[in-house]
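1. okay, sequence plus prediction incoming.
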Amino acid sequence: MSDALLSVRNLSAGVDGKEILHSVDLDVEEGGVHVLMGPNGAGKSTLGHVIMGEPTYDVTGGTITFGGEDVTELSPDKRSLAGMFLSFQAPVEIPGVPLSSFLRAIASARPELDMKRKEFRKRVRELADELDMDRAYLDRELGVGFSGGEKKKVEMLQLLLLKPRLAILDEADSGLDVDALSVVSRGMELYRRECNGTLLVITHNTRILEHLDVDKVHVMVRGSMVTEGDASMIADIDTNGFEQFESLAQAR
């Protein structure tokens, strides 16, 4: 793997004056599969949202560099155009906006995805088929009445359509049954194979990692990055949990 695509240095952030992230460092290598793990409330999702520029959070220190450029002050849309993607634990619903129109709008902002309407619709239908997604959903209002699994399929469809350089998947397995989890895993595999993209998977559950060739595992506890290592850490965490890292968090 080459130099880091994403580099977070000494990052602190919070909400309403309450600090959640404490001087976090993180490097994600170009083309790699990185996993960010930790117990509930560790700050994992907060880190993902801060990296993406979510305005709810106040960055009080540190930098975020993507593709060699400092993006700490960039808005989420500019980070997206630069090649960053974030999936949400609970995708939003947008009444009145057909899914197909939404997909067309987000793709039209990217010159490399400029296609004629017929060609675009064909591509979206192909992606829906690959994800076992009923094409009828393309004409429905975005997220309205969708099950949790269908919402995740929509996010995987967006991921494969946009082909970002970095995909941050925040608790992509949250609340999913076995079939829906299989679709998410398939989406990640397709992204890796067809887009040669970089993954940062945020999770506290090892199930979603079973079909991924993980390069590095990072562990957060109480808003601090406490340790990192290779894929062998996943089995250790599965067996022994996160309590083994509590002392590392207390020492910071």
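-> Here it is on my side, so go on.
2. residue ranges with poor pLDDT in the stretch 101-250 of the chain?
-> Across the stretch 101-250 of the chain, the ranges flagged by pLDDT under 70 are 175, 249-250.
3. which stretches of it form strands?
-> Counting by DSSP state E, counting those that start in this stretch, residue ranges of the strands within the stretch 101-250 of the chain are 141-142, 166-170, 198-202, 216-221, 224-229.
4. neighbours around the residue nearest to Asp134 when sequence neighbours are not counted, how many?
-> Nearest residue to Asp134, sequence neighbours excluded (Cβ to Cβ, 6 or more residues apart in numbering): Ala128, at 7.6 Å. C-beta coordinates here come from the backbone N, C-alpha and C atoms, glycine included. Using other Cβ atoms under 10 Å, Ala128 has 21 neighbouring residues.
5. got it, and Arg110?
-> 15.
6. how about it, phi and psi?
-> phi -120, psi 110 (degrees, to the nearest 10).
7. correct me, but it touches Lys163?
-> No. Using Cβ atoms under 8 Å, Arg110 makes no contact with Lys163, being 9.0 Å away.
8. ok, and the closest non-adjacent residue to Leu209?
-> Ile234 (5.7 Å).
9. can you list the strands of the stretch 101-250 of the chain in a markdown table and add mean neighbour count and distance to Thr63?
-> Output for the strands of the stretch 101-250 of the chain, formatted as a markdown table (neighbours: other Cβ atoms under 10 Å; distance: least, Cβ to Cβ, whole Å):
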| stretch | mean neighbour count | distance to Thr63 |
| --- | --- | --- |
| strand 141-142 | 19 | 34 |
| strand 166-170 | 25 | 16 |
| strand 198-202 | 25 | 17 |
| strand 216-221 | 24 | 18 |
| strand 224-229 | 18 | 15 |
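10. would JSON lines of these with distance to Val50 be doable?
-> Listed next are these as JSON lines, based on distance: least, Cβ to Cβ, whole Å:
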{"stretch": "strand 141-142", "distance to Val50": "25"}
{"stretch": "strand 166-170", "distance to Val50": "11"}
{"stretch": "strand 198-202", "distance to Val50": "12"}
{"stretch": "strand 216-221", "distance to Val50": "12"}
{"stretch": "strand 224-229", "distance to Val50": "13"}
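11. for Met52, find the nearest of the ones you listed.
-> Relative to Met52, the nearest member of the strands of the stretch 101-250 of the chain by Cβ to Cβ is strand 166-170, separated by 6.6 Å.
12. mind giving me the packing neighbours of the closest one?
-> Judged by 3 or more Cβ pairs under 8 Å, 6 or more residues apart in numbering; DSSP states H and E, the packing partners of strand 166-170 are helix 44-52, strand 84-87, strand 198-202.
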